[in-house]
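Engineer: Build the 3D model from these lines:
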Amino acid sequence: MFQHHEEPSSGLDSIVLDAIIENSTASIAYLDTNFTFIKVNSLYVKDSGFTKEELLGKNHFALFPDAENEALFKKVLDTGEPIQFKEKPFTFPAQPERGTTYWDWKLTPVKDEKGKIFGLVLSLIEVTEEVKTRESLKDSQAEVVGQNKILEERVAERTAELEKKIKEQELLMESFVGRELAMVEMKKKLGESKGE
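Structural biologist: Below you'll find the predicted structure:
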């Protein structure tokens, strides 16, 4: 049976919430409705390439400009519905050396008791290595398929060459046997004519 516990104070709530956010395996950011960073966990800081101080108080799209993503963030504010993506590519404009990265991410509106949105929670998990590993495997498989095709073509060519040589040998053998038979016949006839 469940026991009823008193609700923790808001101070304790804040400590628990901070611990949950900080110990998440996802990069988490809390933004206001102007897309300004209000709170970020350490993993978000690490993944972003910025310091916590460089993030907090700054607009998300000032640091990570992306028209498509900005339209998606606005859509969440307009509809009040969360959005989620798997393996969504992103290139960090300020960090081109990272190349294209891939992210599973979700943007969830935070609403008050009347349903009014007052913030957004952005949670992300980088899946770049998984995507690149899968692409590398696909490339390797395609290479193996290509090599197999080349080998099959070579085997078919070699088989055709061997079949041609076998046919030539058979014709040569038939010709030789035919000549030998003709010689035997001729000797036989010569022997018969001498024997008369």
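
Engineer: can you give me the helices in this structure?
Structural biologist: For the chain, the helices defined by DSSP state H occupy 10-22, 42-48, 52-55, 60-63, 67-79, 128-195.

Engineer: Can you give the contact residues for the fifth one?
Structural biologist: The list of residues contacting helix 67-79 from outside it, by CB atoms under 8 Å, 6 or more residues apart in numbering, reads 33, 35, 60, 61, 82, 83, 90, 107, 108, 109, 117, 120. Backbone N, C-alpha and C define where each C-beta goes, glycine included.

Engineer: Output those residues as a markdown table; include the columns pLDDT, neighbour count and distance to residue 148.
Structural biologist: Below are the contacts of helix 67-79 laid out as a markdown table (pLDDT from 0 to 100; neighbours: other CB atoms under 10 Å; distance: CB to CB, whole Å):
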| residue | pLDDT | neighbour count | distance to residue 148 |
| --- | --- | --- | --- |
| 33 | 97 | 14 | 56 |
| 35 | 98 | 20 | 51 |
| 60 | 96 | 21 | 48 |
| 61 | 95 | 13 | 48 |
| 82 | 97 | 12 | 46 |
| 83 | 97 | 14 | 42 |
| 90 | 84 | 19 | 36 |
| 107 | 97 | 22 | 45 |
| 108 | 97 | 15 | 47 |
| 109 | 97 | 20 | 51 |
| 117 | 96 | 16 | 56 |
| 120 | 97 | 21 | 50 |
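
Engineer: pLDDT weak spots in this structure?
Structural biologist: 1-10, 140, 142, 144, 192-196 (pLDDT under 70).
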